[in-house]
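*Asks:* I would like to see how this sequence folds:
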Amino acid sequence: MIRDYREADIDQILAIWLSASIKAHDFIESAFWKTKISEMRDVYIPASETLVYEAQGEVAGFYSLYESNLAAIFVTPKSQGQGLGSVLIDDAKNRREKLQLTVYKENTPSIKFYEKHGFTVLGEQIDEHTGHPELIMEYHS
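*Replies:* Numbering: from 1, shown residues only. Alright, predicted model coming up:
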């Protein structure tokens, strides 16, 4: 079930974000992601419209929208590959006419996932935090 984020979800969301970030971005030191936990908790999640996917009373995934930007979409590693990401991204697409996101160029599985869901590449940039190249992708309904 997809529902609005509640403050009580924050620890589960941060755990999903951290473990999925480390798994998806093995080309970036895991220590980098650990330094970003407090920013996620104190800045990014509160500033965003965040929705969670709850299964058996546990948060299994979430996504965050900031205006028309899909700022985050993460599924707990044990639930990946089961269609949960598709359910989350379809829900996000139903809430906005247009979505933009950035994804690391080295994160081929995620790029393929976004392309499968109708996103196209608009351009490329360098992530100022990591120095790694990112693709800017967009979806129009």
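
*Asks:* Which stretches in this structure count as strands?
*Replies:* Using DSSP state E, the strands of the chain run over 2-4, 49-55, 58-66, 69-75, 98-104, 120-126, 133-140.

*Asks:* Of these, give the one that comes closest to residue 21.
*Replies:* strand 69-75 (7.3 Å; CB to CB). (Glycine included, C-beta is placed from N, CA and C.)

*Asks:* list the helices and strands the closest one packs on?
*Replies:* Applying 3 or more CB pairs under 8 Å, 6 or more residues apart in numbering; DSSP states H and E, one finds that strand 69-75 contacts helix 10-24, strand 58-66, helix 84-95, strand 98-104.

*Asks:* tell me the mean pLDDT for the shortest one?
*Replies:* Averaging the model's pLDDT scores along strand 98-104 yields 97.

*Asks:* from the chain's centre, how far out does it sit?
*Replies:* Counting by CA atoms, centre = their mean, to the nearest Å, strand 98-104 is centred 10 Å from the centre of its parent chain.

*Asks:* residue at max distance from the center of this structure?
*Replies:* residue 56 (21.5 Å; CA atoms, centre = their mean).

*Asks:* and it, what are its phi and psi?
*Replies:* For residue 56, the backbone dihedrals (degrees, to the nearest 10) come out as phi 50, psi 40.
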